[in-house]
Each structure stands twice: as structure tokens, then as C-alpha cells.
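J.: Sequence first, then the predicted structure:
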Amino acid sequence: MTALAIENVTAAIGKIPVLRGVSLKVAPGETVALLGRNGVGKTSTLRAILGLLKRTGGTATFDGNNLDDVAPHKLSALGMGYVPQGRGMFPLLTVKENLTLGLRGAPDPEVMADIYRRFPRIEERLSQAAGTLSGGEQQMLALARCLVMKPSLIMLDEPTEGIMPKLVTQIRHEISEIATRGISVLLVEQNLRTALRLASRVYLMERGTIVHEATPAALRADPSTVHRYLGVSL
Amino acid sequence: MTALVLALAVNGLVWGLIIALIALGLSIIFGLLDIINVAHGDFFMLGTVFVLVLTMSTGSYWLALALVPIIGFAVGLVLERVIIRPTIRQASLTIVTTFGLSMMLQEGVRATYGAQPRRMAPPIEGTIPLFGIDYDVYRIFAAAFAALCLIAFFAFLTRTKLGTWIRAVRHDPETATALGVPVVRICAITFGLGTAMALLGGAIAAPITTVEFRTGVDILPFCFMAVIIGGLGNLQGTVAAAVLLAVLEGVVTSVTDPTIARIASLGLMSVALLVRPHGLFSGATR
């Protein structure tokens, strides 16, 4: 049983291929990290799953649905959440408008109460323009906006990028909390320590394809692979 | 002399509010779809023609005024699907396609409605004394109604889900899609709304202007100037600039002639582009 499975997915930006047969799986409730240097295709993989980048080959399924048959804007209703790189704020919309943007009806009071309990600063700033929030607050809002939709899978693209170190711990805690609720997480992350701490499985990408799959423990025991594909030392 | 200047300034304000409605339609289409809609002035012209034809066939200007924006919305939806969507995100191509559309609309109206300019009797008769001259009551009504429509549009944008979605898609269509916003439908609705606003502007203006197939040709540059001076895609700025330009032209016309007034508007636009290239009102909420 898989929540998300993509097989041999290819995609191009213009005539330049950016994904050259990407295959990965995320099981229900599992946290999987997708790592790689800048420009190897991590964000493109997420965008191809979401249909924001046209898939030119391969298959993608989510909770048993063939994603070729689902319009990109309907994926969130199926339970696929997305926190884009750079947080994807609508800076001139209020915090409340950002938070409830994807909802068609009134928000679930229980879900909202839970979100306000976890992110009290969001409730304090509901009528404020989202662009006036700090980077960390915006990241919290992006996470909360995703949770309002009651997702079964959340794809997070560089959630700790550009965030104050003090807040990185809180964001890490929130992601870990999301996983304990049985929500699957596909995490794209430059911060290797964060990724290894949160994920139960790690994929390494290079030049638009998956080149290595391992558990965090196995990867920690294999510094040469880490150095080869990520250019860093553990 | 002062009375004449004030009366022409009021006249400018009346026109400014009507043109603000039309320019706002142009601005939301540009802001959301990156389309430089050369046919927008012809949508205004369609509004004047439709309201005249509908008034003659139904006998009621007010019924025609209610019907024209609905027809405009439907026309906008069809044109978006057939002409705009295939060329979307290709700004230069949309200039060519909307220019072709402009020609088709003008020639279509000339072929069916005729080339003869016509005038329409104002639905509200009478005048009121204003700064020493007798001013048409209908013009006051037209300005108030246009202002009401502008307020209603901004309330729609800020207080409804659809309006919030339009503002979100203007900023980041990709993230909006990922959050479940039906971006393709929002783009179609926005084009429909922009078209409806131009036709509504035409319906309001028809009793105080000439109704003919080339009426839109004069309006289009004025709308573009309002959009540029207000700041590209800045909706509140567009409205403010349209009123400012119309009042300026009204005042300058009172002391010289309309050609000099238009030159003054172009001069203002040049200065605005030099001093504040993002628009005179670029600090306003977009």
C-alpha cells in the first residue's frame, strides 16, 4: 500500500529535460526525504507530481488515483498538500485569507481550533497582510494553510530555507508532529541534519533522476555517498 | 471663467468615473492574464450599441442597462475560450489577436448596426444649475452609478471568495492551483468581468456620447494612459488616474482646446513614467 508512487516520470522545461525517469514511493504515514544538490530536479519532481510541470512520461498515482486523470487544482481535495519553496505566501491577502484560500466552504471549527492552538501567532494576526509576517511566521502559516485542508500527504519544499535558526527547531518539531498524526510527508530539504532526523527513508537525486535510496542510519554510515551526491560531510 | 472651469472639471469627473470603470476592466485583465487587450475600447463600443438597440427593442433603458453587463460577461467568457486562452502568456501574440478581434468587432458592428453615428436620448431628462450653467441630471446619475459600480467591484474583490481567488491568482497562479483554486476558470471569469465592465461603461455613457462603430477607438488610449499612470495592474491606482486624467482634460479644455488637453494628459503620463515608472499610485494596495 502506497500513498504516493511515481514511476519513471520524465519532464522538461522548454526543450531541456529536467526529470529523466524519477521513481519514488511514500507509504501512508511515512516521512521520506528527497535530497540532492541545487538544480538536480527536487523541486521539479514535486511540481511534476502536482501537475504544475507537465509530465512527459511515466506514471504517478496518489491514494490509488492515476494523477493523469486528475486536474492539478483538484489534488488538494484528494488530500495532497503542498508547501512550496519560498513559502508561497500571497503577501497582499490577509493571514485569514491565506489560511482559508483553498477551502470551498466554512472551515472546520475543530481543525481551526487545533491550528490556533499550535500556531497562536497566526490567530493573533488573522486580519494582518501576510506579507507583514516574519519569514518564520510565514512558514508556520504555509504549514497551517496546508493542514486546514486535512491532507493525507504533505509535500514540503525547503521548509527551513531562510529561516532563523531558532525557528528551524520549531518547524522541525511541527513536521515531526505532522508525521505522528499519520500524515505522509515528502520532504525536499537542503539541511541534511534536519532531513535525516525527520525521515525514515531518503532518496538522493542527481541530474534529474534518483541515484540512491537508503535509511538515514545507512546514509550516516556511508559518508562517501553523502559526499559524492550532496557535496557535504556528515 | 471660474464657473466654466469648475463645470468642465465636474464634467471631467463624470467622464473620469465612467472611464475608470472601463480602465479597471482593462487593468484586471492585464494584471491577471498579462494581456494587452487592444479590443477593450471596442467592448465599450459594443456596450453603447447594445444598450441603444436593446432600449429601442424593449422600450426601457433601465432594462437594457441591466442586461448589457450580463451579455458582456457572456461575450467575455466566449472570447476568452476561443481567442484568449490559446494565446495566453504570450503577450506579443495577444496584441495581434486582440487587434484582430478589434477589427472584427468594429466591422461586425458596421455591417449589422450601420456606419451612421447616432445619439440616444438620456433616460433622465432635465438639468440642474451647477456653477452657473444648466447641467444634465443624467450626467450626475451616470457618475454616481459608475462610482457605485466601482465600490461594488472592490467590495466583490475583497469580501468574496471569488474575489480573493482572483487576487491570489494575480499574484501566484501556481501556488493557487496547488491550494485548489481553479485557475483556468478564474482567468475566464476575470476576462468575462473585465469585458462586462467595459460594456457596462458603454451602457452608462451611451446617452452622453455618440453611438457608432468607432466610439471605442478614442476611449482605448485614455484607458491605457490611466492604467500606465495608475501603475500596471494597480486597480485603485487605475481608478485614481482615470479620474485625474479626465478632470485634467476637462480643466485644460476650458482654457484651450481638446487637442491641447490630450497633449497635457500625454505629458502627465510621460512625467509619471520618468518620475515614477511603476505608476503615480504604485504605493497603493494592488
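T.: Nice, thanks for sending it over.
J.: Only the buried residues of the lengthiest helix in chain A, if you could.
T.: In chain A, assigned by DSSP state H, the helix with the most residues is helix A:165-180. By neighbour count on 16 or more other Cβ atoms under 10 Å in any protein chain shown, the buried set for helix A:165-180 is A:167-168, A:171-172, A:174-175, A:178-179. For every residue, glycine as well, the C-beta is placed using N, CA and C.
J.: contacts for it?
T.: A:29, A:31, A:118, A:135-136, A:139-140, A:143, A:147, A:154, A:156, A:159-160, A:163, A:185, A:187, A:191, A:194, A:197-198 (Cβ atoms under 8 Å, 6 or more residues apart in numbering or on different chains).
J.: Is it correct that residue B:204 is in contact with residue B:146?
T.: Yes: with contact defined as Cβ atoms under 8 Å, residue B:204 reaches residue B:146; the gap is 5.8 Å.
J.: Show me what from chain A comes close to chain B.
T.: A:47, A:50, A:52, A:71-77, A:82, A:84, A:88, A:90-93, A:97, A:101-102, A:104, A:145, A:149 (Cβ under 8 Å from any Cβ of the partner chain).
J.: Mind checking which of those are buried?
T.: Using 16+ other Cβ under 10 Å, the buried ones in the residues of chain A next to chain B are A:47, A:50, A:52, A:72-73, A:75-76, A:82, A:84, A:88, A:90, A:92-93, A:97, A:101-102, A:145, A:149.
J.: What's opposite the spatially most central residue of chain A in the beta bridge?
T.: Closest to where the C-alpha atoms of chain A average out (Cα atoms, centre = their mean) is residue A:156, at 1.6 Å. Under DSSP bridges, the beta-bridge partners of residue A:156 are residue A:83, residue A:187.
J.: All the helices of chain A, in order from the start?
T.: With DSSP H, the ranges of helices along chain A come out as A:42-50, A:75-78, A:95-99, A:109-118, A:120-124, A:135-147, A:165-180, A:192-198, A:216-220, A:223-230.
J.: Packing partners of the shortest one?
T.: Counting contacts by 3 or more Cβ pairs under 8 Å, 6 or more residues apart in numbering or on different chains; DSSP states H and E, helix A:75-78 packs against no other helix or strand.
J.: The closest residue to residue A:153 other than its chain neighbours: neighbouring residues, count only.
T.: Computed as Cβ to Cβ, 6 or more residues apart in numbering or on different chains, the closest residue to residue A:153 that is not its neighbour in sequence is residue A:184, at 4.2 Å. By other Cβ atoms under 10 Å in any protein chain shown, the residues close to residue A:184 number 26.
J.: what's the pLDDT at residue A:184?
T.: pLDDT, residue A:184: 96.
J.: quick one on the thing from earlier: can you give me the distance of the residue nearest to the centre of chain A to chain B?
T.: Using Cβ to the nearest Cβ, to the nearest Å, residue A:156 is found at 12 Å from chain B.
J.: Could you check how far that residue is from residue B:51?
T.: 54 Å (Cβ to Cβ, to the nearest Å).
J.: and what of residue B:105?
T.: 16 Å.
J.: Compare these two and say which one has the larger neighbour count.
T.: More crowded of residue B:105 and residue B:51, by other Cβ under 10 Å: residue B:51, with 28 against 21.
J.: In contact with the residue nearest to the centre of chain A, which residues?
T.: Per Cβ under 8 Å, 6+ apart, neighbours of residue A:156: A:83, A:143, A:175, A:185-189.
J.: ok, so of those residues, who is nearest chain B?
T.: residue A:83 (9.1 Å; Cβ to the nearest Cβ).
J.: any idea how far residue B:36 is from the closest one?
T.: 34 Å.
J.: if you count what's nearby, which of those two comes out ahead?
T.: Taking other Cβ under 10 Å, residue A:83 and residue B:36 do not tie; residue A:83 has more neighbours (27 against 17).
J.: which residues touch the more buried one?
T.: Per Cβ under 8 Å, 6+ apart, neighbours of residue A:83: A:139, A:142-143, A:146, A:154-157, A:159.
J.: can you check residue B:175 too?
T.: Counted by Cβ under 8 Å, 6+ apart, residue B:175 has contacts A:82, A:84, A:88, A:90, B:168.
J.: was I right about residue B:40 contacting residue B:226?
T.: No: the pair residue B:40 / residue B:226 is not scored as a contact, 11.4 Å apart, by Cβ under 8 Å.
J.: Return the backbone torsion pair for residue A:151.
T.: phi -80, psi 160 (degrees, to the nearest 10).
J.: Would you state the predicted confidence (pLDDT) at it?
T.: 96.
J.: repeat for residue B:87
T.: 85.
J.: how deep is the residue lying closest to it once chain neighbours are set aside tucked in, by neighbour count?
T.: Once flanking residues are discounted, residue B:87 sits nearest to residue B:93: 4.5 Å by Cβ to Cβ, 6+ apart. Residue B:93 is flanked by 13 other residues according to other Cβ under 10 Å.
J.: likewise residue A:64?
T.: 10.
J.: now do residue B:72
T.: Summarising burial for residue B:72: neighbours were counted as other Cβ under 10 Å, giving 28.
J.: Next one: it from residue A:229, what distance?
T.: Residue B:72 is 57 Å from residue A:229, by Cβ to Cβ.
J.: what ranges do the helices span in the stretch 151-286 of chain B?
T.: B:161-171, B:173-178, B:183-205, B:215-230, B:235-255, B:258-275 (DSSP state H, counting those that start in this stretch).
J.: Only the C-alpha atoms, please, for the third one, written as CSV.
T.: What that stands for is helix B:183-205. The C-alpha coordinates for helix B:183-205 follow below in CSV (Å, rounded to 0.1, in the frame of the first residue of the first chain):
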residue,chain,number,x,y,z
VAL,B,183,-7.1,28.9,-12.0
VAL,B,184,-8.3,28.3,-15.6
ARG,B,185,-11.9,29.1,-14.5
ILE,B,186,-10.8,32.2,-12.6
CYS,B,187,-9.0,33.5,-15.7
ALA,B,188,-12.1,33.0,-17.8
ILE,B,189,-14.3,34.7,-15.2
THR,B,190,-11.8,37.6,-14.9
PHE,B,191,-11.9,38.2,-18.6
GLY,B,192,-15.7,38.0,-18.5
LEU,B,193,-15.8,40.5,-15.7
GLY,B,194,-13.3,42.9,-17.5
THR,B,195,-15.4,42.7,-20.6
ALA,B,196,-18.7,43.2,-18.7
MET,B,197,-17.2,46.3,-17.1
ALA,B,198,-16.3,47.8,-20.4
LEU,B,199,-19.8,47.1,-21.8
LEU,B,200,-21.4,48.5,-18.7
GLY,B,201,-19.3,51.6,-19.1
GLY,B,202,-20.6,51.9,-22.7
ALA,B,203,-24.2,51.4,-21.5
ILE,B,204,-23.8,54.2,-18.9
ALA,B,205,-22.0,56.5,-21.4
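J.: what's the average pLDDT for it?
T.: pLDDT averaged over helix B:183-205 gives 96.
J.: Next, the buried residues of it.
T.: B:183-184, B:186-205.
J.: Near chain A, list only the ones from those residues.
T.: Checking the buried residues of helix B:183-205 against chain A (Cβ under 8 Å from any Cβ), the matches are residue B:183.
J.: Residue A:147 is in contact with residue A:112, correct?
T.: No: counting by Cβ under 8 Å, residue A:112 sits too far from residue A:147 to count as a contact (10.0 Å).
J.: Show me which of these two is the more surrounded one.
T.: Each of residue A:112 and residue A:147 has its neighbours counted (other Cβ under 10 Å); residue A:147 has more, 23 against 18.
J.: nearest residue to that one other than its sequence neighbours?
T.: Once flanking residues are discounted, residue A:147 sits nearest to residue A:115: 6.0 Å by Cβ to Cβ, 6+ apart.
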